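1. I would like the atomic coordinates for the input below:
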Amino acid sequence: MAHKDHQEPPATERSLRNPRRRNRVDSENIKTAPRRKRSKLSATTFLPRDSPEESAEDNAQANGHAPKSVPRSYGRQTSASIASGDIDLPVRASRNPVKRTHRARNAQVLTQNKNYSVKLLHNTPKGLQDQGSSFRGGISAHASLALAITRESAYIWDYNGHTAASNTKTIEIPFRCAAHDPIPFGALVANSTDDLGLILVSATSGRIVYHESIERVTSLGFFQEQRAGVEGTITGLFSGERLVELTSADPAGYVALLSSGRVVHISLKDAQGKPKITTQILYTNEQSAGGLFGSIKNILGSGAWKQAISAVRVRSLERGQVQVLGLMERGELRLWDLDWSGRYDFRAAIDFREQLQHELRQMRPAERHSDVDYLALLDIAVLEKTQHPSRELVSVASGKPMDAVLLVRCGAAGMHTYALVEFSLVGNDFNLARILDVNVDAQTSEDSHQARVLVPTPGHTAFVVLPNAVAIMSLATAASQPEAQLHDVSYIEPTPFQDAIYMKSSLSMSGGDIDISRSNADATCVVFVNGAGLVRVNTHDVQIEPEDPETCVRSRIEQAVFYGYQDNNILDLLRAAAKPAHPDDVEQAVIGISEAILQSSPEFFPQTTRSSTRICGLGEMQQRT
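-> Got it, this is the predicted structure:
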């Protein structure tokens, strides 16, 4: 019975058991690899190997050929050379430092002289360089990014890149824009993070789309069902009213100018800092005090609101506050104080038309006094000047003093002349400083929004951007020169430097912006040329000096000779200046340029060309002697 109680379990039960629980037999143990035997040492183990010369000789003799002289190897030494103490160690030559590609190599030099340079940036997206293309551009004030908006897409890229714009971000316009409609407006928005946002506004319907992150909206791709931004609209648009300008009012959002002359404030965030679009009209005291009849008049139509406002600009005041400047075409400046929460106060309306007309007539001959009757104010730019000690006594109630430059136009259609007016505003007092005539042969339409004046941070140069020309105006004054106090009363102050750059007749500019990517003493702006791309204009600080007329004429002829031959040059360098030069000055300039070409001395020649030309000239002289 005991034998039956301890019967062996079936084979299936034994196979299901854990094999580690049973004893293994010797045949199932893993066999270890045999121990490696020690290699034997020969007599030549520690001797150096034969040199390549000896191996080459042995191979030659084995093949039946006579040994040839083999160049000495600098890699290993023979045993004989080691024994004799003659050891040659290989020394690696130092590597030349790798030269980085300069940023200027991505641009084509269109023209340059000792005062300024004009370059075409090649990293503009190809779609914007096509002939006949039109776009609306802008530059970010917080990064070296450019924004170009067409009727179909918005392009964002680094315009200071070394190569072509391979990392261009393309965002489709979220609203419909017909071929006859104006191009939408847009701008890059600075956020608390490193990423930038994007605002797009329709010029006809007033629809607003705000993307808080351009990286997020580009990563979504074509998934239209996922909305990456918030939407809104400009409420209260009249029939036929459209958007004509969009200006940043950071940190209060943006300010838009309508064709009727109304100014709209656009806020992008609520009180908690979350994305939300709200709009409001900035009224004056007269507009807001209309009462019941004024409200009925506003509802009936936009005739009562029709006002010619040519430009809207913003300047910063205290922390979280800005001031909105509304420039009336007839000669009036309106001021609103605006804070980050959206509250605004209308401060003043300053009319200086008569004072400006009087000063302009004093500068013109009697037969041209009638041109001042067609006075129109086109644009305004605020200057960043140091505050004078006398201005520190100005009370806070009267407002922060302001220095600015006005771009004005005189004359009837087809006979337009332009001028820059420097003035200061202390409280409500308009103080005119000086008037500079702009010598440029360019005509604009009656639309005042086609002309702009840009004054970069150094403040020594102003750029007047017209549809087919860019005027470079120096704002230097003779009073700031050290030798100014040595002149007597009869001394005639020289005029500041100015010059004009003209585009070819087939091209036109859609605007310009200040280039803040370069932190040096030069003044730089970027203009947007339809069908070509972005053009950078860089100007040095030109001091006031009595310049020889021959020097100016020679500079223009040199530019036409050395840069006008380029087939792809978009500048019209053969166009005559606004002021004709004297024939004697032209003759002397041509003779000087011809002599410099024969001597290969101009800076327009490369160094290699000059050296080879001089060598050839010396060889010919030796043959003659």
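2. only C-alpha atoms for contact and neighbour calcs from this point on.
-> Noted.
3. pairing partners for the helix or strand where Leu338 lies, with directions?
-> Per DSSP states H and E, Leu338 falls inside strand 332-339. Strand pairing for strand 332-339, determined by DSSP bridges: strand 321-328 (antiparallel), strand 344-351 (antiparallel).
4. tell me the angle the helix or strand just after the last one makes with strand 332-339.
-> What it means is strand 344-351. Toward the C-terminus, strand 344-351 is succeeded by helix 353-363 as the next helix or strand (DSSP H and E). Taking axes from the mean of the first three to the mean of the last three Cα atoms, to 10 degrees, one finds helix 353-363 and strand 332-339 inclined to each other by 130 degrees.
5. need the contact list for the nearest residue to Leu360 once chain neighbours are set aside.
-> Excluding its sequence neighbours, the residue lying closest to Leu360 (Cα to Cα, 6 or more residues apart in numbering) is Val372, at 6.9 Å. Neighbouring residues of Val372 by Cα atoms under 8 Å, 6 or more residues apart in numbering: 357, 360-361, 410-411.
6. okay, now the residue lying closest to Val405 once chain neighbours are set aside: neighbour count?
-> Distances taken as Cα to Cα, 6+ apart place Glu422 nearest to Val405, at 4.6 Å, with adjacent residues excluded. Glu422: 21 surrounding residues under other Cα atoms under 10 Å.
7. who does Glu422 bridge with?
-> As for beta bridges, Glu422 partners with Val405, Arg434 under DSSP bridges.
8. hang on, it packs against Ala404?
-> Yes - at 6.0 Å, Glu422 counts as touching Ala404 under the criterion of Cα atoms under 8 Å.
9. output the strands paired with strand 332-339 in a markdown table; the columns should cover distance to Pro583 and mean pLDDT.
-> Formatted as a markdown table, the strands paired with strand 332-339 follow (distance: least, Cα to Cα, whole Å; pLDDT from 0 to 100):
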| stretch | distance to Pro583 | mean pLDDT |
| --- | --- | --- |
| strand 321-328 | 43 | 95 |
| strand 344-351 | 45 | 94 |
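10. kindly compare burial across those strands and name the winner.
-> strand 321-328 (a mean of 22; mean count of other Cα atoms under 10 Å).
11. can I get the CA coordinates of that strand in PDB?
-> Extracted C-alpha coordinates of strand 321-328, given in PDB (Å, rounded to 0.1, in the frame of the first residue of the first chain):
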ATOM      1  CA  GLN A 321       0.300 104.100 -21.200                       C
ATOM      2  CA  VAL A 322       0.600 105.400 -24.700                       C
ATOM      3  CA  GLN A 323      -0.500 108.400 -26.600                       C
ATOM      4  CA  VAL A 324      -2.300 108.100 -30.000                       C
ATOM      5  CA  LEU A 325      -1.500 110.800 -32.600                       C
ATOM      6  CA  GLY A 326      -4.100 111.400 -35.300                       C
ATOM      7  CA  LEU A 327      -2.700 113.700 -38.000                       C
ATOM      8  CA  MET A 328      -5.400 115.500 -40.000                       C
END
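12. which other residues reach that strand?
-> Under the contact criterion Cα under 8 Å, 6+ apart, strand 321-328 has outside partners 249-252, 307-317, 333-340, 377, 379-380.
13. mind checking which of the residues you listed are buried?
-> 249-252, 307-316, 333-340, 377, 379-380 (16 or more other Cα atoms under 10 Å).
14. what number of residues lie near the closest residue to Ala146 other than its chain neighbours?
-> Leaving aside its sequence neighbours, Ala146 sits nearest to Ile139 (Cα to Cα, 6+ apart; 4.7 Å). Residue neighbour count, defined by other Cα under 10 Å, stands at 25 for Ile139.
15. can you give me the helices for the stretch 501-625 of the chain?
-> 549-562, 583-598, 607-624 (DSSP state H, counting those that start in this stretch).
16. should've said the chain
-> Taking DSSP state H as the criterion, the chain carries its helices at 2-5, 11-16, 52-62, 79-84, 126-129, 214-219, 285-288, 291-300, 353-363, 549-562, 583-598, 607-624.
17. which parts of the fifth one are buried?
-> By neighbour count on 16+ other Cα under 10 Å, the buried set for helix 126-129 is 128-129.
18. and that helix, what does it pack onto?
-> On a contact count with 3 or more Cα pairs under 8 Å, 6 or more residues apart in numbering; DSSP states H and E, helix 126-129 meets no helix or strand.
19. report the mean confidence score over stretch 115-130.
-> Mean per-residue pLDDT for stretch 115-130: 89.
20. between the two ends of that stretch, what distance do you get?
-> End-to-end span of stretch 115-130 (Cα to Cα, to the nearest Å): 31 Å.
21. got a list of contacts for that stretch?
-> 106-112, 133-135, 155, 157, 159-165, 168, 530-542.
22. list the buried residues of that stretch.
-> For stretch 115-130, a neighbour-count test (16+ other Cα under 10 Å) marks 116-125, 128-129 as buried.
23. mind giving me a markdown table with the residues you listed and columns for distance to Asp270?
-> Shown next, in a markdown table, are the buried residues of stretch 115-130 (distance: Cα to Cα, whole Å):
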| residue | distance to Asp270 |
| --- | --- |
| Tyr116 | 45 |
| Ser117 | 45 |
| Val118 | 43 |
| Lys119 | 43 |
| Leu120 | 41 |
| Leu121 | 39 |
| His122 | 41 |
| Asn123 | 38 |
| Thr124 | 36 |
| Pro125 | 36 |
| Leu128 | 36 |
| Gln129 | 40 |
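24. name the nearest of those relative to Val455.
-> Checking these against Val455 by Cα to Cα gives Tyr116 as the nearest, at 15.1 Å.
25. where does the prediction get shaky in the stretch 501-625 of the chain?
-> 519, 544-551, 576-579, 602-625 (pLDDT under 70).
26. no no, the stretch 251-400 of the chain
-> Scanning the stretch 251-400 of the chain for pLDDT under 70 picks out the ranges 286-306, 385-399.
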